[in-house]
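Engineer: what would the 3D arrangement of this be:
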Amino acid sequence: MKTKLLSAILVLFFFGISTYAQNDKNVKIEKKGNLTEATYYYDTGSIEQQGTFNADGELHGVWTSYDVEGNKISVGQYVNGLKNGKWFFWTGETLKEVDYVDSRIVNVVEWSDKSRMDAQIEKIN
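Structural biologist: The predicted structure follows:
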């Protein structure tokens with residue numbers, strides 16, 4: 001059940017990316033070698049998302065999302081358009097660690113203990 005709920009949340013989240021990308025006044029694009037770095041902004045000017053695309057236009061590399069106050073809400077790695085490795089999602093007092101292999105969820109761990117969350121956040125940063 002958790003996996004289905006998390007998958008639904010992720011679909012809505014990344015649907016938001018593609019919808020938001022169409023409003024290019026709030027997007028900064030910068031070419032860096034073979035990658036294109038994109039930074040998406042809220043109307044307030046704070047960063048909404050940052051990440052890179054490969055030469056084929058696929059999500060590639062680390063993508064990070066923030067709420068309007070600048071708090072990190074997710075971070076994860078894409079490899080040629082597929083989610084891979086550990087992704088982290090923050091919601092309120094909960095941290096979810098989701099392991100992906102080729103965009104398939106293979107494991108989900110959830111923390112709501114503040115001290116354990118702080119330890120995981122230190123490992124990520």
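
Engineer: just for the chain, where's the confidence low?
Structural biologist: Within the chain, the stretches with pLDDT under 70 are 1-24, 113-125.

Engineer: what about the helices in it?
Structural biologist: Taking DSSP state H to define them, one finds helices in the chain at 2-21, 114-124.

Engineer: now do the buried residues in stretch 44-54.
Structural biologist: Of the residues in stretch 44-54, those buried under the neighbour-count criterion (16 or more other Cβ atoms under 10 Å) are 48-54. The way it works is simple: take the backbone N, C-alpha and C, and place the C-beta from them, glycine included.

Engineer: cool, and stretch 29-43?
Structural biologist: By neighbour count with 16+ other Cβ under 10 Å, stretch 29-43 contains the buried residues 36, 38, 40-42.

Engineer: same question, stretch 71-85
Structural biologist: Neighbour-count burial for stretch 71-85 flags 74-79, 83-84 (criterion: 16+ other Cβ under 10 Å).

Engineer: can you give the contact residues for it?
Structural biologist: Counting by Cβ atoms under 8 Å, 6 or more residues apart in numbering, stretch 71-85 makes contact with 13, 51, 54, 56, 58-67, 86-91, 98-103, 124, all of which sit outside it.
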